[in-house]
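> Mind looking at a prediction? Sequence and model below.
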Amino acid sequence: MKKLTLVLLAGVILLTGCLREDSENVNQDRIWAHYELFYDANEDMTYARATFRFGGMTGTKLNLTDPSEVRFNGDVLPFREGLAYYEEDYAGFIQTGTFEFEDLDGNQYVNDVEIRTIEFPETFGPIDQMAAFELSWDGSALTDFEIVSVWLNGINEGDSQLFLEEGEGSTDIILSQNDLEELPVGTTDAWIERAYRPLIDQATDVGGMLTGRYRGQQRPVEIQ
């Protein structure tokens, strides 16, 4: 349950904090940080992202005031004005890396992030709506603080279904019959993603979050 809670709380981050503030105007010990390394196999791109907020994950987003900065593997991350986070993109797959954040008081926080891979099996489908479907993924078994997500997006608007698996040691995910029945018959786009969110190593008094996320190749699958 604690792992699923972490995932749901991470989703809250995307829905809150439209306002922003300069970090020079806040207590440096109250800066909450989210460091994410995300690989999208459909683009063959890796994104290193850092988001800073005041007081916690739902607080006001922060723009770091010079000379405060955040680096990934030694590269200073530029600020993306539109979404108010720091990000650099890289061609290819970067599986591990190190984020370094220095605040205005000279405190340094260093955190390593790891991505764990996942893909659909070579043979996937067709899926019968009248029975639950067991999907064994291509990748290692889940460990603590991990979750796998599978989306099936039908041809009609608003008919997508989300399936989650977080059981330690799991190597497959069950697509329930009740949810499959909500999808239209025909070809459906399928997505698979794996998120690893271990406890953060170095953070301020209000904590932070680490995420290593891998999105596998999108696949068409037949619903019948």
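It's in.
> For this structure, just list every one of the helices.
Assigned by DSSP state H, the chain shows helices spanning 2-15, 177-180.
> what bits of the protein have low per-residue confidence?
1-18, 157-158 (pLDDT under 70).
> gap between Asp205 and Asn27?
9 Å (CB to CB, to the nearest Å). Bear in mind the C-beta positions are built from the backbone N, C-alpha and C, glycine included.
> Can you get me a residue count around the nearest residue to Leu19 once chain neighbours are set aside?
Excluding the flanking residues, the one nearest Leu19 by CB to CB, 6 or more residues apart in numbering is Thr60, at 5.0 Å. For Thr60, the neighbour count with other CB atoms under 10 Å is 17.
> And the residue lying closest to Gly92 once chain neighbours are set aside, how close does it get to Ile94?
Excluding its sequence neighbours, the residue lying closest to Gly92 (CB to CB, 6+ apart) is Asp44, at 6.1 Å. Distance from Asp44 to Ile94, counting by CB to CB: 11 Å.
> These two - which one has more neighbours?
Ile94 (18 against 11).
> And the more buried one, how close does it get to Pro184?
38 Å.
> Contacts only, for the residue nearest to Gly92.
Ala91, Gly92, Phe93 (CB atoms under 8 Å, 6 or more residues apart in numbering).
> same check, this time on Arg53
Gly17, Ile31, Trp32, Ala33, His34, Gly59, Thr60, Lys61, Leu62.
> hang on, the last one packs against Glu24?
Read that as Leu62. No. Here Leu62 does not reach Glu24: they are 9.6 Å apart, not a contact under CB atoms under 8 Å.
> higher neighbour count, those two?
Using other CB under 10 Å as the criterion, Leu62 and Glu24 rank with Leu62 on top: 25 against 13.
> Any figure for the gap between the closest residue to the more buried one other than its chain neighbours and Val70?
Closest residue in space to Leu62, ignoring its immediate chain neighbours: Phe52 at 4.1 Å, by CB to CB, 6+ apart. Phe52 sits 8 Å away from Val70, going by CB to CB.
> Now do the shared contacts for these two.
Leu64, Tyr86, Phe101.
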